[in-house]
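[1] Curious how this folds, go ahead:
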Amino acid sequence: MMFGSLSVIGFGLSAIGPAIGVGLIFAAWINSTARQPESANITRPMMFVGAALAEALALFGLLLAFIQNKPS
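    Numbering: from 1, shown residues only. Purely as a prediction, here's the structure:
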């Protein structure tokens, strides 16, 4: 018999989007730095801001999964 909540499965599925987004952000930064190494110091802060925003989506999903599982 299975116990639990479907919101946990929903969070797992919703975490796929930010994971792909972070991967694309870092891949684009590596590609741009490989093409033009002198721009690495300029583009690095933008990379971290983009990664933080993408990870924030996953954290909001985790927060909502915990709110849905609040005991009554």
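[2] what about the helices in the protein?
    6-14, 16-35, 40-68 (DSSP state H).
[3] The second one - contacts with which helices or strands?
    By that I understand helix 16-35. Judged by 3 or more C-beta pairs under 8 Å, 6 or more residues apart in numbering; DSSP states H and E, the packing partners of helix 16-35 are helix 40-68. Placement of C-beta: from N, CA and C, glycine included.
[4] who does the helix it packs on touch, helix- and strand-wise?
    helix 6-14, helix 16-35.
[5] Figure out which of the ones you listed is closest to residue 57.
    Ranking the helices and strands packed on helix 40-68 by their distance to residue 57 (criterion: C-beta to C-beta) puts helix 16-35 first, at 4.7 Å.
[6] where does this protein have low pLDDT?
    1-5, 7, 68-72 (pLDDT under 70).
[7] mind redoing it with 50?
    Filtered on pLDDT under 50, the chain yields the residue ranges 1.
[8] Of the helices and strands packed on helix 40-68, which is nearest residue 53?
    Among the helices and strands packed on helix 40-68, the nearest to residue 53 by C-beta to C-beta is helix 16-35 (8.7 Å).
[9] any chance of the helices of the chain in a markdown table, with mean neighbour count too?
    Shown next, in a markdown table, are the helices of the chain (neighbours: other C-beta atoms under 10 Å):
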| stretch | mean neighbour count |
| --- | --- |
| helix 6-14 | 13 |
| helix 16-35 | 13 |
| helix 40-68 | 13 |
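[10] any idea how far residue 50 is from residue 59?
    15 Å (C-beta to C-beta, to the nearest Å).
[11] Ignore what I typed, I meant residue 9.
    18 Å.
[12] How about residue 40?
    For residue 40, the distance to residue 59 - C-beta to C-beta - is 27 Å.
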